[in-house]
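**Q** Let's see this in three dimensions:
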Amino acid sequence: MNMSDGFVQLLTPDGERIERSTGADGVEYSVDLTDEEYRGLYRDMVLARRLDAEGVALQRQGEMALWASLYGQEAAQIGSGRALRPQDMAFPSYREHGVLLARGMDPLLPFGLFRGIDQGAWDPATHHTQMYTLVVGAQTLHATGYAMGVNLDGKARDADGEAVIAYFGDGATAQGDVNESFIWAGVHQAPIVFFCQNNQYAISVGPERQSHAPIYRRASGFGFPGLRVDGNDVLASYAVTRHALDRARSGGGPMLIEAYTYRMGAHTTSDDPTRYRPSAEEESWAARDPIARLATFLRNQRIADEDYFLKIEEEVRHLAVELRERVLNLPDRDHSALFDHVYPHGSPLVEQQRAGFEGYRASFQA
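**A** Model (predicted):
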């Protein structure tokens, strides 16, 4: 990682504050937050990590069908999520649990999806956050189309306008959907921010086997700026995302942010990362832990004391226990319900498939 190549960082891995940092787009980035806002960012990241750990544990105990962990990516998600304004629309992939928290959504919502009892139970219009997209990269096209609509409706002409953000990983940049969305967004100057969390592995393949050039540099080929930010630095993630969104809502067009971070856990709970990455690499990135660096900053600046950290630890423990109980109390769903909403008025073919599925399930009870 070339620090001199427009890499935006406002908080070093040692917790030292950098007042200003210039990105590859030539913009000088900084933040001016209150002590309460700094503490809020810390609480959000700790809560996101603890609730994520509950998701992993519940899946291991057979209570969840699957879980996609955000472990290690808390700063990128909370920083960018807190940069969103209420009117902005977010299009997540499938591990943006921190973004949902930053948007004020009930943390139970993604658990219903991964438990297999709903198909995404939140209202995008209420939360200004679209449902999770499991098809890799498809949400970038959804987001671009929505952003083009924002332009057509005249909602992105001033500082109070609407902007759009699309989240995806480094692996998704190899998908045609993402590159097509770049083309459409660039040509139509859509008010969208493409936020790539480069967590170093597209399931099991590292970035050196995915692309010969850094991800953020691709933006120039589509006619809009791109920059790389320290994705383990919540302050830098907040600063660049807020700038990019404000630029988009004021008519500046799209922008690509590559948040350079690391997935400390598995790709999903069906994955074994020890098969493709060395332990020394994990240890190296553990030293850049996003939560630890912000905690060091808060201590050094006397923004928070040990009583505060203990208070947060107890709060998130209580919320995690409460969440676990709520997940376990979620109602079971009739397995055949997955056929109910394929077509609004049903279909003979779907009913035939339903009957086949019920027959298959019944065979286990014979």
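**Q** Which residue ranges of the stretch 1-150 of the chain form helices?
**A** Assigned by DSSP state H, counting those that start in this stretch, the helices in the stretch 1-150 of the chain fall at 35-60, 74-83, 97-102, 109-115, 124-127, 138-152.
**Q** What residues sit buried inside the shortest one?
**A** Right, the one you point to is helix 124-127. His127 (16 or more other Cβ atoms under 10 Å). All C-beta spots, glycine's among them, are computed from the backbone N, C-alpha and C.
**Q** Run through who's touching it.
**A** 89, 100, 103-105, 130-131 (Cβ atoms under 8 Å, 6 or more residues apart in numbering).
**Q** where does this structure have low pLDDT?
**A** Within the chain, the ranges that satisfy pLDDT under 70 run 1-5, 366.
**Q** could you redo the last one with a cut-off of 80?
**A** Scanning the chain with the threshold set as pLDDT under 80 gives 1-6, 156-159, 207-208, 333, 366.
**Q** so where do the strands sit in it?
**A** Taking DSSP state E, the strands of the chain run over residues 7-8, 21-22, 28-29, 89-91, 164-169, 192-198, 226-230, 255-260.
**Q** so of these, which one's packed in deepest?
**A** strand 192-198 (a mean of 30; mean count of other Cβ atoms under 10 Å).
**Q** quick one: contacts for Arg218?
**A** Taking Cβ under 8 Å, 6+ apart, one finds 173, 182, 211, 226, 256 in contact with Arg218.
**Q** how about a cut-off of 10 Å?
**A** Counting by Cβ atoms under 10 Å, 6 or more residues apart in numbering, Arg218 touches 173, 178-179, 182, 194, 196, 211, 226, 256, 258.
**Q** From Pro273, how far off is it?
**A** 26 Å (Cβ to Cβ, to the nearest Å).
**Q** do you know how far Lys94 is from Ala172?
**A** Check again: residue 94 is Tyr, not Lys. Relative to Ala172, and taking Cβ to Cβ, Tyr94 is found at 11 Å.
**Q** try Val316
**A** 30 Å.
**Q** Between those two, which is the more surrounded one?
**A** Remark: of Val316 and Ala172, Ala172 carries more neighbours, 22 against 18, as counted by other Cβ atoms under 10 Å.
**Q** Flag every buried residue along stretch 177-189.
**A** Residues 177-178, 181-182, 184-186, 188-189 are the ones in stretch 177-189 that count as buried (16+ other Cβ under 10 Å).
**Q** give me the number of residues near Ala266?
**A** Residues lying near Ala266 (other Cβ under 10 Å) number 18.
**Q** Tell me the one among the contacts of Arg218 nearest to Tyr146.
**A** Of all the contacts of Arg218, Tyr146 sits closest to Phe194, with 13.2 Å by Cβ to Cβ.
**Q** list the contacts for the closest one?
**A** So Phe194 contacts 140, 143-144, 164-168, 173, 178, 181-182, 185, 215-216, 218-219, 222, 224, 226, 244, 254-258 (Cβ under 10 Å, 6+ apart).
**Q** hang on, isn't Ala166 packed against Ser181?
**A** Yes: using Cβ atoms under 10 Å, Ala166 makes contact with Ser181 at a distance of 7.3 Å.
**Q** any shared contact partners between these two?
**A** Common neighbours of Ala166 and Ser181, counting by Cβ under 10 Å, 6+ apart, are 137, 139-144, 147, 192, 194, 254.
**Q** give the contact list for the residue nearest to Gly6 when sequence neighbours are not counted.
**A** The shortest distance from Gly6 to any non-neighbouring residue, by Cβ to Cβ, 6 or more residues apart in numbering, is to Ala24 (2.7 Å). Ala24 sits next to 5-8, 214, 216-217, 219-220, 225-229, 258 when contact means Cβ under 10 Å, 6+ apart.
**Q** got any residues that touch both of Tyr94 and Ala172?
**A** 133, 135-136, 139.
**Q** Output the contacts of Arg218 as JSON lines; include the columns distance to Trp67.
**A** Formatted as JSON lines, those follow (distance: Cβ to Cβ, whole Å):
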{"residue": "Thr173", "distance to Trp67": "24"}
{"residue": "Val178", "distance to Trp67": "24"}
{"residue": "Asn179", "distance to Trp67": "29"}
{"residue": "Phe182", "distance to Trp67": "30"}
{"residue": "Phe194", "distance to Trp67": "25"}
{"residue": "Cys196", "distance to Trp67": "22"}
{"residue": "Ser211", "distance to Trp67": "28"}
{"residue": "Gly226", "distance to Trp67": "31"}
{"residue": "Leu256", "distance to Trp67": "28"}
{"residue": "Glu258", "distance to Trp67": "25"}
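**Q** of all those residues, which comes closest to Trp122?
**A** Phe194 (22.6 Å).
**Q** Could you pull out the helices in the stretch 201-350 of the chain for me?
**A** Going by DSSP H, counting those that start in this stretch, the stretch 201-350 of the chain shows helices at 234-247, 279-286, 290-300, 306-328, 348-363.
**Q** Name the residues of the second one that come out as buried.
**A** By neighbour count, and taking 16+ other Cβ under 10 Å as the criterion, the buried residues in helix 279-286 are 282, 285.
**Q** Helix 290-300 and that one, what's the angle between them?
**A** 40 degrees (axes from the mean of the first three to the mean of the last three Cα atoms, to 10 degrees).
**Q** Do I have it right that Met131 meets Ala138?
**A** No: Met131 is beyond contact range of Ala138, at 11.7 Å (criterion: Cβ under 10 Å).
**Q** which residues do the two both contact?
**A** Taking Cβ under 10 Å, 6+ apart as the criterion, Met131 and Ala138 both touch Phe91.
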